[in-house]
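Trainee: Got a sequence here, can you build the structure:
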Amino acid sequence: MLISPADKVLTVAELQKAGVKRISVGPALYTHAMQALEQATKALVAGDLAPATTGISFERISALLARGTN
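Mentor: Next up, the predicted model:
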């Protein structure tokens, strides 16, 4: 099942109950990341460095890539 912003948001449990075996969020994670990038860029333009210099650590990214979502 492909989930899009136009769809009613269901929980994973609801989808599983309906028999869904695979869930795809399409470009949703990408667009979420791009929204954060836009906000950080606007803050930089306004003179605020904090939003552009904080976020997920490289160690956490490595852990996610190495072990999945743990």
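Trainee: How far away from the center of its chain is the helix or strand harbouring L64?
Mentor: Per DSSP states H and E, L64 falls inside helix 58-67. Here helix 58-67 is found 15 Å from its chain centre; the criterion is Cα atoms, centre = their mean, to the nearest Å.
Trainee: just stretch 54-68 next, same as before
Mentor: Its chain's C-alpha centre and that of stretch 54-68 lie 13 Å apart, by Cα atoms, centre = their mean.
Trainee: So which bits of the helix holding L64 are buried?
Mentor: Neighbour-count burial for helix 58-67, counted by 16 or more other Cβ atoms under 10 Å, picks out no residue. Where you see a C-beta, it was placed from the backbone N, CA and C, and this is true even at glycine.
Trainee: Compute the mean per-residue pLDDT across that helix, please.
Mentor: The average pLDDT for helix 58-67 rounds to 87.
Trainee: The spatially most central residue of the chain and R67, how far apart?
Mentor: With distances taken as Cα atoms, centre = their mean, the residue of the chain nearest its centroid is L29 (3.7 Å). Distance, L29 to R67, using Cβ to Cβ, to the nearest Å: 18 Å.
Trainee: Look up how far V25 lies from E38.
Mentor: The value you get for E38 to V25, if Cβ to Cβ is used, is 19 Å.
Trainee: rewinding a little: can you name the helix or strand that the residue nearest to the centre of the chain falls in?
Mentor: Counting by DSSP H and E, L29 is part of helix 28-45.
Trainee: and that helix, what other elements does it pack with?
Mentor: Packing partners of helix 28-45 (3 or more Cβ pairs under 8 Å, 6 or more residues apart in numbering; DSSP states H and E): helix 50-53.
Trainee: helix, strand or coil for the residue of the chain positioned farthest from its centre?
Mentor: Most distant from the centre of the chain: G47, at 25.8 Å, with distances by Cα atoms, centre = their mean. Following DSSP: H, G, I helix; E, B strand; the rest coil, we place G47 in the coil state.
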